[in-house]
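Novice: Next comes the sequence, and after it the predicted model I'd like to discuss.
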Amino acid sequence: MLSALANIFRIPELRQKIIFTLIMFAVFRMGTHIPVPGVNPAVIEQLFNNGNLFGLLDLFSGGALSKFSIFAMSITPYINAAIIIQLLTVVIPTLEQWSKEGEEGHKKTTQVTRYLTVALAFLQAIGMSIGLKAAILNPGFASIIIIAITLTAGTVFLMWIGEQITTQGVGNGISLIIFAGIVAALPKNLGTIYRYLQAGTVSYFNVFLFVIIAMAMVVFVIIIHQGYRRIPISYAKRVVGQKTYGGHSSHIPLKVNTAGVIPIIFASSVLMFPVTIAQFIDIPWVKTLAGYFAWGTPLQTSIYALLIIFFTYFYTAVTVKISDMAENLKKYGGFIPGIRPGKPTAEYLDHVMTRITLAGAFFLAFIAILPNMIAGATNIQGVYFGGTALLIVVGVALDTMKQIEAMVVMRHYQGFMK
């Protein structure tokens, strides 16, 4: 294994890409410790000690939100903008046309996504500044605008770092920034568990059970992430002149978890919005109603799981074009054995996709409510393991390893994933 890893650094180009990526990680981590001017950090810290809602948001920013640093909003506005553009591609003809124009169309879509990111980031920053007005040392219009501009600039800078990692580094830059933020919280979580042991709040058996569940869930997530349903495809023979084309077999890989982590983000955003708003409204019945939807309550957990299942089907239906898949098969002389080309093929693929999407939806729902189950089983509170974080870490790690593996194999070295 060590010799295989050493092969990576024997390739000058790959070595430079990895070093560049690590430098960008260092810049990101330094930025999480630069505070936004004019804010009282003690008040912000008190909010994060009140529950899991802000703590969960803080996890994806790598601790930047609890410090209210310039990277407090992390890369979330860019992710939201990218999702919105992807969904609008279905209903806006111009965006749909760009998606078919290859590299040139991708550049146009990326530019629109950047503009939308700036708009969403500024609106979110204004909302955060108003919502956290109690933490502002000199609350006023000018202070709110300055804080909003600072937070927006931080998000735009992170977006630039992500794009630089994608072009000059290794892996998908945006995903790796989120990955780095989640992994950076690991020492803090280990410290929390150690303090629980020192105080006698949890036993060594609880920690052992926590480790066993963590290892089992990592293996489970890897298995599902790599799971595909392979639909066999045969191609008819065609004779053109003196050459014969086709006559071979292949398959269509339908991924079990096609939607990835997007349904969890959708569902959590829908549930977090009213609860977050309620925290800043001093009306008794609003507080009572928000209590039923508090993070981890039975009602919230049930609605959360149902929303994830719904959004999994919704996002899969939007992104996976079954009709186009069937049309392309017919166009290039491919067919599924025993299924007629055209509409019957589309119906068959839709039936298969519906069944495996159900498995993926239940998997995502289970992964999302996993932190509550772990906390109940081990009595370890405040350690944000599992759920979206686990799915992102495993998915990004596997995809990055595959990209590095491809670069290594191209240089005639044995891959390090073997």
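Specialist: Thanks, I have the structure now. None of the values given here were measured: they were computed from a predicted structure. Numbers count the residues shown, from 1 in each chain.
Novice: and the end-to-end length of stretch 375-394?
Specialist: Across stretch 375-394, the terminal residues are separated by 21 Å (C-alpha to C-alpha, to the nearest Å).
Novice: right, and the helix or strand after the lowest-mean-pLDDT helix or strand in the chain?
Specialist: Lowest mean confidence among the helices and strands of the chain (mean pLDDT, DSSP states H and E): helix 52-60, at a mean of 57. Going down the chain from helix 52-60, the next helix or strand is helix 64-67, by DSSP states H and E.
Novice: just how off-centre is that following helix within its chain?
Specialist: Its chain's C-alpha centre and that of helix 64-67 lie 19 Å apart, by C-alpha atoms, centre = their mean, to the nearest Å.
Novice: just stretch 118-126 next, same as before
Specialist: 20 Å.
Novice: Show me which residues of it are buried.
Specialist: Using 16 or more other C-beta atoms under 10 Å as the test for burial, stretch 118-126 gives 118, 120-122, 124-126. In this view, the C-beta of every residue, glycine as well, is placed from N, C-alpha and C.
Novice: Ok, stretch 296-314 next?
Specialist: Under 16+ other C-beta under 10 Å, the buried positions of stretch 296-314 are 296, 300-301, 303-305, 307-309, 311-313.
Novice: Now flag whichever of these is closest to Met410.
Specialist: Among the buried residues of stretch 296-314, Thr312 lies closest to Met410 (C-beta to C-beta), at 35.3 Å.
Novice: Among the buried residues of stretch 296-314, which ones are in helices?
Specialist: 300-301, 303-305, 307-309, 311-313 (DSSP state H).
Novice: give the contact list for Leu176.
Specialist: By C-beta atoms under 8 Å, 6 or more residues apart in numbering, the residues touching Leu176 are 21, 25, 162, 165, 169, 396, 400.
Novice: Format those as TSV; extra columns: neighbour count and secondary structure.
Specialist: Shown next, in TSV, are these (neighbours: other C-beta atoms under 10 Å; DSSP: H, G, I helix; E, B strand; the rest coil):
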residue	neighbour count	secondary structure
Thr21	21	helix
Phe25	21	helix
Gly162	22	helix
Ile165	25	helix
Gly169	23	coil
Val396	22	helix
Thr400	18	helix
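Novice: now those residues in JSON lines, with distance to Glu104 and pLDDT?
Specialist: Putting these into JSON lines (distance: C-beta to C-beta, whole Å; pLDDT from 0 to 100) gives the following:
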{"residue": "Thr21", "distance to Glu104": "27", "pLDDT": "89"}
{"residue": "Phe25", "distance to Glu104": "31", "pLDDT": "90"}
{"residue": "Gly162", "distance to Glu104": "22", "pLDDT": "89"}
{"residue": "Ile165", "distance to Glu104": "23", "pLDDT": "90"}
{"residue": "Gly169", "distance to Glu104": "24", "pLDDT": "85"}
{"residue": "Val396", "distance to Glu104": "28", "pLDDT": "83"}
{"residue": "Thr400", "distance to Glu104": "27", "pLDDT": "83"}
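Novice: hmm, back to that, of the ones in helices among the buried residues of stretch 296-314, closest to Thr155?
Specialist: Set against Thr155, the nearest of those by C-beta to C-beta is Phe311 (24.0 Å).
Novice: right, and the closest one touches Val261 too?
Specialist: No - look at Phe311 against Val261 with C-beta atoms under 8 Å: they stay out of range, at 10.9 Å.
Novice: And whichever strand or helix holds Met353, how far out from the chain middle?
Specialist: Taking DSSP H and E as the definition, one finds Met353 inside helix 343-378. When distances are taken as C-alpha atoms, centre = their mean, helix 343-378 is centred 16 Å away from the chain's centroid.
Novice: got the buried residues for it?
Specialist: Buried-residue list, helix 343-378, by 16+ other C-beta under 10 Å: 345-346, 348-350, 352-353, 356-357, 360-361, 363-372, 374-375, 378.
Novice: Equivalent analysis for stretch 174-189, please.
Specialist: 174-182, 184-185.
Novice: Stretch 197-210 now?
Specialist: By 16+ other C-beta under 10 Å, the buried positions in stretch 197-210 come out as 202, 206-207, 209-210.
Novice: So what would you say the end-to-end distance of that stretch is?
Specialist: Terminal residues of stretch 197-210 lie 13 Å apart, using C-alpha to C-alpha.
Novice: which regions of the stretch 201-350 of the chain sit below the pLDDT cut-off?
Specialist: Filtered on pLDDT under 70, the stretch 201-350 of the chain yields the residue ranges 237-248, 273-282, 286-287, 290.
Novice: What segments of it are helices?
Specialist: In the stretch 201-350 of the chain, the segments counted as helices under DSSP state H, counting those that start in this stretch are 204-225, 262-278, 284-292, 298-319, 322-331, 343-378.
Novice: which secondary structure elements does whichever strand or helix holds Gly191 contact?
Specialist: Applying DSSP H and E as the criterion places Gly191 in helix 186-199. Helix 186-199 sits against helix 204-225, with contacts defined as 3 or more C-beta pairs under 8 Å, 6 or more residues apart in numbering; DSSP states H and E.
Novice: helix/strand/coil for Ser74?
Specialist: Applying DSSP: H, G, I helix; E, B strand; the rest coil to Ser74 yields a three-state assignment of coil.
Novice: and the gap between Ala361 and Pro232?
Specialist: Distance, Ala361 to Pro232, by C-beta to C-beta, to the nearest Å: 25 Å.
Novice: Just give me the closest of the buried residues of stretch 118-126 to Ile146.
Specialist: Nearest member of the buried residues of stretch 118-126 to Ile146, counting by C-beta to C-beta, is Ala125, at 10.4 Å.
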